[in-house]
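Participant: Just the structure for this:
(one chain, ligands or ions: 1)
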Amino acid sequence: MNITLVGAGAIGSLWAGALARQGHTVHLWRRQTDSTYTLNWQGIDTTNLDAFTFCCNQPDQLSRSDIVLITVKAFQVSEAIKSIAPWLDASTPVIVMHNGMGTENEVLQLLPDNPVLYATTSQAALRVDSHSVRHTGSGPTWLGAVNAAGNQWQALAGMLDTALAPCQWHDDIHYPQWQKLAINCAINPLTAIHQCRNGDLAAPDFSAELTAVCREVAAVMTAVGYTTSADALWQRTLTVIKATAANCSSMQQDVANRRPTEIDAITGFLIEQAHHFQLATPANVALWQQIKHLEQNYG
Ligand code: KPL
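Facilitator: Now for the predicted structure:
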C-alpha cells in the first residue's frame, strides 16, 4: 500500500519502519523541507536492525496515498491536517494516533468526507538520535472509526497488526482511548515532574498520589459511561509501570528536552470532562498545574 505518514517523531518513526519492513511504500510528510529522510530502525530484539530512506513532502505521493497515518502530538493535529488538506483525496482513510483525547471534533470538521479512524497504541519507542529509533516496549494498539465512512476500514487493523502486533479493531474506540488516558494521567505527569523512569513510580512514595489520580479518573470514566473502579485502574497502571519499568515516558522525555507536552490532551482533557460532570479532580489539577509551570519556565 502507499502510505503517507505525517509526523515522524518516536512513535511515527517506529510505525514508518515497521510498515516499510512489510513492503508498504511509506512517504513521510514532515515540517522539515528535505525531500528524503534516512531512518535507522531497531526492533525490540536489538539484533533486528534496518535502515530506510523515505521520500518526504511530495504532494503527488500524498494525493496517491491509500492511507494517511497522522502521528503528531495532539496539539499539532489540526495544523497537520490543514497542511495536507490541499492534496488529500476525500476517499482516503485518515488514521489519527496520539496520546490523550479531545481532537476528534475538530478533525471531523476539517475532514468532513474522509473515512476518519483513531488509533491508540501502547507500543513504546525511543528516538536515539535525529535519524534513529528503537522499539523499547510492546503493547496493544486499538483501531476504530469515528465516522460512518471509517467503519468500512476494519481491515486496516490487520495491516497494522502485521506490521507491529498486536493491533485489533474496536467498535467503540473511545473505550480503549479512555483506558490509555487513565494510564497516561497516572504515569506521564509524575515521571515528568520527578524526571524518573516509569518503574520508579512503583516506590511507596508515589502510592498515595497515584491512588488519588486513579480514584479521580475512575469517577470521571464512570460518569462518561465506562464504569470502572479506582482499584481496577490502579492495578492496570501498576502492570504498565512494571512492564515499562526501564522506559522514560513520553512526557518525561518532552520535559527533559524542553518540548511542549501533551498535558492538555491527557490531564487537561480529564479535567474538562470532570467539569462537565461537576466532579472534583484536585490531584489531577495539581499535576496539570505543575507541568504547566515546568513548561512556562523552560527559558
Ligand atoms: O504511553 C506512555 C507514554 O510514555 O506516553 C506510557 C504508557 C506511559 C509508557 O511510557
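Participant: all contacts plus neighbour counts: C-alpha atoms, from now on.
Facilitator: Will do.
Participant: How about His24: what's its closest non-neighbour residue?
Facilitator: With sequence-adjacent residues excluded and distances taken as Cα to Cα, 6 or more residues apart in numbering, His24 is closest to Met1, at 5.0 Å.
Participant: okay but that neighbour is in contact with Thr25, surely?
Facilitator: Yes - counting by Cα atoms under 8 Å, Met1 does reach Thr25; the two are 6.1 Å apart.
Participant: These two: which is more packed in?
Facilitator: Thr25 (18 against 14; other Cα atoms under 10 Å).
Participant: Ramachandran angles for the more buried one?
Facilitator: phi -90, psi 110 (degrees, to the nearest 10).
Participant: Show me what it bridges to in the sheet.
Facilitator: For Thr25, the residues forming beta bridges with it (DSSP bridges) are Asn2.
Participant: wait, it sits on Leu5?
Facilitator: No - taking contacts as Cα under 8 Å, Thr25 lies outside contact range of Leu5: 10.3 Å.
Participant: rewinding a little: distance of the residue nearest to His24 from Gln61?
Facilitator: For Met1, the distance to Gln61 (Cα to Cα, to the nearest Å) stands at 12 Å.
Participant: Same check on Met97?
Facilitator: 21 Å.
Participant: Neighbour count: these two, which is higher?
Facilitator: The residue with more neighbours, out of Met97 and Gln61, is Met97; 24 against 21, by other Cα under 10 Å.
Participant: Can you tell me which residues in the stretch 101-250 of the chain are near the ligand?
Facilitator: Residues of the stretch 101-250 of the chain lying close to the ligand by Cα under 6 Å from any ligand atom are Ser122, Asn184, Ile187, Asn188, Cys248, Ser249, Ser250.
Participant: give me that answer again for 5 Å
Facilitator: Ser249, Ser250 (Cα under 5 Å from any ligand atom).
Participant: which residue does the stretch 101-250 of the chain bring closest to the ligand?
Facilitator: Ser249 (3.2 Å; Cα to the nearest ligand atom).
Participant: does the closest residue to that residue other than its chain neighbours belong to a helix or a strand, and which?
Facilitator: Nearest-residue entry for Ser249: Asn188, 5.9 Å, with adjacent residues in sequence omitted and distances by Cα to Cα, 6+ apart. Asn188 belongs to helix 174-194 when assigned by DSSP states H and E.
Participant: on contacts alone, who are the packing partners of that helix?
Facilitator: Under the contact criterion of 3 or more Cα pairs under 8 Å, 6 or more residues apart in numbering; DSSP states H and E, helix 174-194 touches strand 116-121, helix 207-224, helix 230-243, helix 250-256, helix 282-296.
Participant: Any idea which of the ones you listed gets closest to His276?
Facilitator: Of all the helices and strands packed on helix 174-194, it is helix 207-224 that lies closest to His276, at 9.5 Å by Cα to Cα.
Participant: Pull out the buried residues from that closest one.
Facilitator: 209-221, 223 (16 or more other Cα atoms under 10 Å).
Participant: same deal with stretch 269-288?
Facilitator: In stretch 269-288, counting by 16+ other Cα under 10 Å, buried: Phe269, Leu270, Ile271, Glu272, Gln273, Ala274, Thr281, Ala283, Asn284, Leu287, Trp288.
Participant: could you pull out the strands for the stretch 1-150 of the chain?
Facilitator: Along the stretch 1-150 of the chain, counting by DSSP state E, counting those that start in this stretch, strands occupy 2-6, 25-29, 36-42, 49-56, 67-70, 94-97, 116-121, 124-129, 132-137, 141-145.
Participant: Just checking: what are the partner strands of the longest one?
Facilitator: Looking back up the chat, that one is strand 49-56. Its sheet considered, strand 49-56 pairs with strand 25-29 (parallel), strand 36-42 (antiparallel) by DSSP bridges.
Participant: mind checking which of these is nearest Ala157?
Facilitator: Between Ala157 and these, the shortest gap by Cα to Cα is with strand 25-29, which sits at 17.1 Å.
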